[in-house]
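Peer 1: Please work out how this folds:
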Amino acid sequence: MADAHAHDVKTEVRGYIGVFFALAALTALTVFASYLDVSKTIHIVIAMFIAVVKGGLVCLYFMHLISEKKLIYWTLYLTAAFFAILMLLPMLAQADRLGH
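Peer 2: Prediction:
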């Protein structure tokens, strides 16, 4: 039984190390993307995309959501949808103000 437990711990540690390297690579990608010669809007879109991927990795592995039930995922999706709506509201208000 101890061997099975040790194997499970080694597997989890290996996963954590993989996530660590993925987060480090995504951080390096964020720094690299900041030097691209594109508009500020594109910079923000790229940075937000990378941040969402990094946040997803942290939630899935370090908060152990990868092994949760479907109800947790639906709650997470609903939260993400509300977050997206709240992020869009100021943009729509600004667009409406510039249109008049």
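
Peer 1: When you work out contacts or count neighbours from here on, use the C-alpha atoms and nothing else.
Peer 2: OK.

Peer 1: Which residue ranges make up each domain of this structure?
Peer 2: Annotated domains of the chain cover 1-67, 69-100 [automatic domain parsing].

Peer 1: could you dump the ones you listed to TSV with mean pLDDT and mean neighbour count?
Peer 2: TSV is the format used below for these (pLDDT from 0 to 100; neighbours: other CA atoms under 10 Å):
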stretch	mean pLDDT	mean neighbour count
domain 1-67	87	13
domain 69-100	83	11
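
Peer 1: where's the top helix by length along the chain relative to the chain centroid, distance-wise?
Peer 2: Counting by DSSP state H, the longest helix found in the chain is helix 2-34. The chain centroid and the centroid of helix 2-34 are separated by 15 Å under CA atoms, centre = their mean, to the nearest Å.

Peer 1: now the angle from the one helix or strand Thr41 maps to to helix 2-34?
Peer 2: For Thr41, the host element (DSSP states H and E) is helix 40-57. If you take axes from the mean of the first three to the mean of the last three CA atoms, to 10 degrees, helix 40-57 sits at 180 degrees to helix 2-34.
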